[in-house]
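> Pasting the sequence and the predicted coordinates here, then a few questions.
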Amino acid sequence: MPLWSKCLKTTNSKRAQELGAGCSFLPKFFIHIETKYEDNNGSNDNIFDSEAKDIERDVCFIDIAYDEIPDRYYKDSEDLRYFKSEKTQRGMLKEGWRETQKPIMCSYKLVTVKFEVWGLQTRVEQFVLKVIRDILMIGHRQAFAWVDEWYDMTMDDVRNYEKNMHEQTNIKVWFDQPSTNSPSADEIQSDGNAST
């Protein structure tokens with residue numbers, strides 16, 4: 001947690017985390033991410049225009065091969081400059097790959113962050129946007145680097161994988177939080193099945 005954000009921590013912080021949006025000291029905090037995909041290299045400047053005509057936007061291109069990532073997330077196996085898929089023969093993305101790589105798909109993201117607290121708005125919004133950018137870059141790098149793991153999956157395989165990951169994540173989240181009233185693994189799995 002950045003030092004400047006610790007001023008927001010109150011005795012109710014844990015309770016606010018448990019309740020999600022029920023945090024009374026952050027009534028105007030909003031994050032929305034919309035995604036669209038197209039078979040191009042990021043050349044469509046108007047993909048979100050019909051949804052957001054009067055909104056000021058900064059466009060940020062993310063190069064999954066050559067943009068810097070935080071050192072703590074770097075893995076040799078996910079460095080797309082040196083990775084080559086055995087199943088698809090795609091990879092070893094060279095400088096300028098967006099212009100030469102075929103097939104190619106672009107994931108467009110429209111990210112909206114609002115933090116309407118005087119004195120902290122700009123700083124918090126910029127921090128959140130940077131974190132989201134890092135998460136998106138790392139996730140898309142991994143999607144490319146892990147292509148051999150998912151390339152042959154059917155839609156049923158994908159849904160089963162998502163379900164299993166959802167259950168594992170719920171168990172990890174429940175057991176990583178200090179609490180005297182932690183539910184059993186069976187309770188968590190039954191709760192996870194109800195929400196899918």
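All right, it came through fine. All figures in this text were calculated on a predicted structure; none of them were measured in a lab.
> before we move on, which element is residue 31 in?
Using DSSP states H and E, the element containing residue 31 is strand 29-38.
> same deal with residue 81?
For residue 81, there is no host helix or strand (DSSP H and E).
> Can you check the pLDDT for it?
Here, the pLDDT recorded for residue 81 equals 88.
> Nearest spatial neighbour of it, chain-adjacent residues omitted?
residue 65 (5.5 Å; CB to CB, 6 or more residues apart in numbering). C-beta coordinates here come from the backbone N, C-alpha and C atoms, glycine included.
> Tell me how many other residues crowd residue 62.
If you count neighbours by other CB atoms under 10 Å, residue 62 ends up with 16.
> quick one, what contacts it?
Residues near residue 62 by CB atoms under 8 Å, 6 or more residues apart in numbering: 133, 136-137, 140.
> Can you show me the CA trace of the helix or strand residue 161 falls within as PDB?
Element membership for residue 161 (DSSP H and E) is helix 155-176. Extracted in PDB, the C-alpha atoms of helix 155-176 (Å, rounded to 0.1, in the frame of the first residue of the first chain):
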ATOM      1  CA  MET A 155     -15.500 -24.100 -24.600                       C
ATOM      2  CA  ASP A 156     -16.500 -26.700 -22.000                       C
ATOM      3  CA  ASP A 157     -12.800 -27.100 -21.000                       C
ATOM      4  CA  VAL A 158     -12.600 -23.300 -20.600                       C
ATOM      5  CA  ARG A 159     -15.800 -23.200 -18.500                       C
ATOM      6  CA  ASN A 160     -14.500 -26.000 -16.200                       C
ATOM      7  CA  TYR A 161     -11.200 -24.400 -15.900                       C
ATOM      8  CA  GLU A 162     -12.900 -21.100 -14.900                       C
ATOM      9  CA  LYS A 163     -15.100 -22.900 -12.400                       C
ATOM     10  CA  ASN A 164     -12.100 -24.600 -10.800                       C
ATOM     11  CA  MET A 165     -10.100 -21.400 -10.600                       C
ATOM     12  CA  HIS A 166     -13.100 -19.600  -9.100                       C
ATOM     13  CA  GLU A 167     -13.400 -22.200  -6.300                       C
ATOM     14  CA  GLN A 168      -9.600 -22.200  -5.600                       C
ATOM     15  CA  THR A 169      -9.600 -18.400  -5.500                       C
ATOM     16  CA  ASN A 170     -12.500 -18.400  -3.000                       C
ATOM     17  CA  ILE A 171     -10.800 -20.900  -0.800                       C
ATOM     18  CA  LYS A 172      -7.500 -18.900  -0.900                       C
ATOM     19  CA  VAL A 173      -9.300 -15.600  -0.100                       C
ATOM     20  CA  TRP A 174     -11.300 -17.100   2.800                       C
ATOM     21  CA  PHE A 175      -8.300 -18.700   4.400                       C
ATOM     22  CA  ASP A 176      -5.800 -15.800   3.800                       C
END
